[in-house]
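Asker: next come a sequence and a model predicted from it.
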Amino acid sequence: MTITLRATLIGALVILGGMLGLEALNSMTALRSANERMKSVYEDRVVPLRDLKIISDAYAVLIVDTSHKLRSGALSWPDGAASLRKAQATVQERWTAYTATSLTANEARLVTLARSAMDGADAAVATLLRILDAQDKAALDRFVVQDLYRNIDPVTDKVSALIDLQVTVADDDFKDSQQLYLQETWQSWLLLAIAAVLLATGIGVVVRRVISPLRQMTEEMDRLAAGDVSVTVAAAGRRDEIGQMGRAVAVFKDNAIAKQRMEAEQEQAKKAVEVERRRMMAELADRFELAVQGVVAQVGSAAGRLTANAQSLSGLAEQSRTQAAAAAGASEQTSANVQTVAASAEEMAASIGEITRQVGNTADVARHAAERAGRTDATIRQLANHAKAIGDVVQLINAIASQTNLLALNATIEAARAGEAGKGFAVVAGEVKSLATQTARATEEIASQIGNMQGVTGEAVEAIAEIGRTIDDINRIAASVAASIEQQDAAAREIARNVQQAAVGTEEISSNIVLVRHAADDTGVAAQDVLGAAQTLSNDADRLSGEVERFIRQVRAA
């Protein structure tokens, strides 16, 4: 059966916990026993000691002291009797409580003797009470001298013996407690020693089975992390948790060994691939050099031929441009002459046309003027009618202004009658009166202007009628002139049309020559571009050849 590390640790903790539990139980038992003994000492020794002291004082102090005070007269007979009866009750109460406690054998014997003495003392106290009830002073004196101490002293002696016995028994109980304390202390130390031994044993087991293997495994893992695969995992053969960890570390070791082996294989494969790559690169460089150098040579040759062709084309373009320029000059001169003739013909036709148009316009203007003169005459007549109507309106406004002036005057009079309350109204009435006066003057001026306008309107009607008659005469003359000019205009237009056709032909020739010259210019520019491109291509071919050589050197060096 394999005991796991967990079971070992749990077992050690359970045993240690059990020992601590036993120690705790033993301590609780000892404390309980000590508590019970202290309770017994208090209830059976301390409390009885108090009760016995009260009983002794009741006999020795209360009864004896009361008797002497009665004899001396310091205490009255009823008070003395009450004090004695109180002392009897106290003794009976305390004695009953004392005898109810746990008594030892010697104590029970002394209790019997004390009870006998107390019976004699109680009989004497009963006699004393009868004397007090009888208030017999002589009998009291005889009782105190002959019977008091003889009956009280045995009781106090027996009570004193019981008190001494309480102290003795308490001392015995203390000694027993001391012995029990020593015994419990010894047991506690024994349990603590056993627990310490078990704890040390458990620590030793933990150190031997846990800490030492873990420290060793840590060192082995550090060596594995450093790349040392020769390490031996000692804990891998254990069958507990440490063994599981050891086997996991062994897996790490196997993985590290496999990794190193794989890295070695990869390094060998890398070297082989590098050798093959160099061989292929050299072969590729050779093939590339053969192919590219041929292409570069062909490109250089083509660039040379292209340069020669471009130079030849540029020369031809220059000749074409020169000839086209000469033809263009001659054509431009011819075109200029034709244009001059055409312009003169067009100007003549235009002049005739303008004259025709002006004559037509004159006729139209005359006709329109006649029409407008008629309309103007009607308009002026309407204007005269409207002026008359405006005059009527002006008269009406003048009448209203007069009436307003009259009303303003009446308002001023009423405001003056109103005194201070009518001052504002008087100001308004003054303003209205002023406005009515201005309106009257304005209407008079308007009436004067309208009268003048009516006179001028009559004169305008007569003048417009005369203008209408003159315009009719102009219209007839313009119609005759227009007929003659239209014939001259037709002839001039025919001449201008023929000259214009000649000018158009000359312009077309001139335009074609210009196009030829532009084409020659474009050809020259294109030839220059081709020449530049050919030179650039030649330079690029040289540079490409240099780059290819450098690339091949780098490839072969790689």
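Answerer: Happy to help now that I have it.

Asker: tell me the confidence at residue 189?
Answerer: Residue 189 is assigned 88 on the pLDDT scale.

Asker: quick one, what contacts it?
Answerer: Contacts for residue 189 (CB atoms under 8 Å, 6 or more residues apart in numbering) come out as none. For every residue, glycine as well, the C-beta is placed using N, CA and C.

Asker: switch to numbering from 37
Answerer: Let's use 37 as the start, then, which means that last one is residue 225.

Asker: so it is in which element?
Answerer: Using DSSP states H and E, residue 225 falls within helix 185-242.

Asker: and the next helix or strand past that helix?
Answerer: Going down the chain from helix 185-242, the next helix or strand is helix 248-261, by DSSP H and E.

Asker: any buried residues in that next one, and which?
Answerer: Using 16 or more other CB atoms under 10 Å as the test for burial, helix 248-261 gives 249, 253, 256-257, 260.

Asker: out of these, the closest to residue 568 would be?
Answerer: residue 260 (71.9 Å; CB to CB).

Asker: what residues are up against the closest one?
Answerer: Residues near residue 260 by CB under 8 Å, 6+ apart: 267, 285, 288-289, 292.

Asker: ok, residue 163 next?
Answerer: Residue 163 makes contacts with 179, 183, as judged by CB under 8 Å, 6+ apart.

Asker: what separation do you get for it and residue 235?
Answerer: 78 Å (CB to CB, to the nearest Å).

Asker: of the contacts of residue 260, which belong to helices?
Answerer: Among these, the ones falling in helices (DSSP state H) are 285, 288-289, 292.

Asker: dump the residues you listed into JSON lines; add pLDDT, neighbour count and distance to residue 169 as well.
Answerer: Listed next are these as JSON lines, based on pLDDT from 0 to 100; neighbours: other CB atoms under 10 Å; distance: CB to CB, whole Å:
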{"residue": "285", "pLDDT": "76", "neighbour count": "19", "distance to residue 169": "110"}
{"residue": "288", "pLDDT": "74", "neighbour count": "15", "distance to residue 169": "114"}
{"residue": "289", "pLDDT": "75", "neighbour count": "21", "distance to residue 169": "116"}
{"residue": "292", "pLDDT": "77", "neighbour count": "16", "distance to residue 169": "119"}
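
Asker: quick one: which of the residues you listed is nearest residue 481?
Answerer: The nearest member of the ones in helices among the contacts of residue 260 to residue 481, counting by CB to CB, is residue 288 at 129.0 Å.

Asker: I'd say that closest one and residue 257 touch.
Answerer: Yes: here residue 288 reaches residue 257: they are 7.3 Å apart, a contact under CB atoms under 8 Å.

Asker: and residue 431, how many neighbours?
Answerer: By other CB atoms under 10 Å, 12 other residues sit near residue 431.

Asker: just the element for it, please.
Answerer: Element membership for residue 431, per DSSP H and E: helix 277-454.

Asker: can you give me the distance of residue 61 to residue 93?
Answerer: For residue 61, the distance to residue 93 equals 47 Å [CB to CB].

Asker: tell me which of those two has more neighbours.
Answerer: residue 93 (17 against 11).

Asker: secondary structure element for the more buried one?
Answerer: helix 83-93.

Asker: hmm, who's touching that helix?
Answerer: Contact with helix 83-93 is made by 126-127, 130-131, 133-134, 137, 191-192, 195-196, 198-199, 202-203, as judged by CB under 8 Å, 6+ apart.

Asker: turn the buried ones among those into a named ChimeraX selection, would you?
Answerer: In ChimeraX, a selection of the buried entries from these looks like this (16+ other CB under 10 Å):
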select :126,127,130,131,134,191,192,195,198,199,202
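
Asker: spatially, which two of the contacts of helix 83-93 are the most separated?
Answerer: 126 and 203 (22.5 Å).

Asker: where in the stretch 37-186 of the chain is pLDDT low?
Answerer: Along the stretch 37-186 of the chain, segments meeting pLDDT under 70 span 37-42, 44-45, 48, 55, 59, 62-63, 66-67, 69-81.

Asker: swap in 80 and give it another go.
Answerer: Applying pLDDT under 80 to the stretch 37-186 of the chain picks out residues 37-88, 92-93, 96-98.

Asker: now do the helices in it.
Answerer: Applying DSSP state H, counting those that start in this stretch to the stretch 37-186 of the chain gives helices spanning 41-77, 83-93, 100-108, 113-135, 141-170, 173-179, 185-242.

Asker: quick check: angle from the last one to helix 100-108?
Answerer: Read that as helix 185-242. Per axes from the mean of the first three to the mean of the last three CA atoms, to 10 degrees, the angle that helix 185-242 makes with helix 100-108 is 150 degrees.

Asker: what angle separates helix 185-242 from helix 83-93?
Answerer: Counting by the same axes, to 10 degrees, helix 185-242 lies at 170 degrees to helix 83-93.

Asker: just want the angle from helix 185-242 to helix 141-170.
Answerer: For helix 185-242 against helix 141-170, the angle between stretch directions is 140 degrees (the same axes, to 10 degrees).

Asker: same deal with the second one?
Answerer: Angle, helix 83-93 to helix 141-170, by the same axes, to 10 degrees: 30 degrees.

Asker: buried stuff in helix 83-93?
Answerer: Buried residues in helix 83-93, counted by 16+ other CB under 10 Å: 83-85, 87-88, 90-93.

Asker: let's have the residues you listed in a markdown table, adding distance to residue 386.
Answerer: Listed next are the buried residues of helix 83-93 as a markdown table, based on distance: CB to CB, whole Å:
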| residue | distance to residue 386 |
| --- | --- |
| 83 | 164 |
| 84 | 169 |
| 85 | 168 |
| 87 | 169 |
| 88 | 173 |
| 90 | 170 |
| 91 | 175 |
| 92 | 176 |
| 93 | 174 |
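
Asker: of the residues you listed, closest to residue 142?
Answerer: Once CB to CB is applied, the member of those that ends up nearest residue 142 is residue 84, at 13.8 Å.

Asker: which non-adjacent residue is nearest the closest one?
Answerer: Nearest non-adjacent residue to residue 84, counting by CB to CB, 6 or more residues apart in numbering: residue 134, 4.8 Å away.

Asker: then residue 188?
Answerer: In this structure, residue 188 finds its nearest non-sequential neighbour in residue 95, 5.2 Å apart by CB to CB, 6+ apart.

Asker: can you count the residues close to that neighbour?
Answerer: By other CB under 10 Å, neighbour count at residue 95 equals 23.

Asker: pretty sure it sits against residue 192.
Answerer: Yes: under the criterion of CB under 8 Å, residue 95 makes contact with residue 192 at 5.7 Å.

Asker: run a quick neighbour tally on residue 397.
Answerer: Neighbours of residue 397 under the rule other CB under 10 Å: 14.

Asker: and it, how far from residue 529?
Answerer: 19 Å.

Asker: same question for residue 318.
Answerer: Using CB to CB, residue 318 is found at 92 Å from residue 529.

Asker: repeat that for residue 304.
Answerer: Computed as CB to CB, the residue 304 to residue 529 distance reads 107 Å.

Asker: higher neighbour count, these two?
Answerer: The residue with more neighbours, out of residue 304 and residue 529, is residue 529; 16 against 10, by other CB under 10 Å.

Asker: could you say which helix or strand contains that one?
Answerer: helix 459-593.

Asker: not counting residues beside it along the chain, what's closest to residue 340?
Answerer: Nearest one to residue 340, counting by CB to CB, 6+ apart, is residue 574 at 6.8 Å.

Asker: give me the number of residues near the one you found?
Answerer: 18.

Asker: same deal with residue 167?
Answerer: 22.

Asker: cool, residue 326 as well?
Answerer: With other CB under 10 Å as criterion, residue 326 counts 10.

Asker: same check, this time on residue 183
Answerer: A total of 15 residues lie near residue 183 under the criterion other CB under 10 Å.

Asker: check the gap between it and residue 257 for me.
Answerer: For residue 183, the distance to residue 257 - CB to CB - is 106 Å.

Asker: check residue 234 too.
Answerer: 33 Å.
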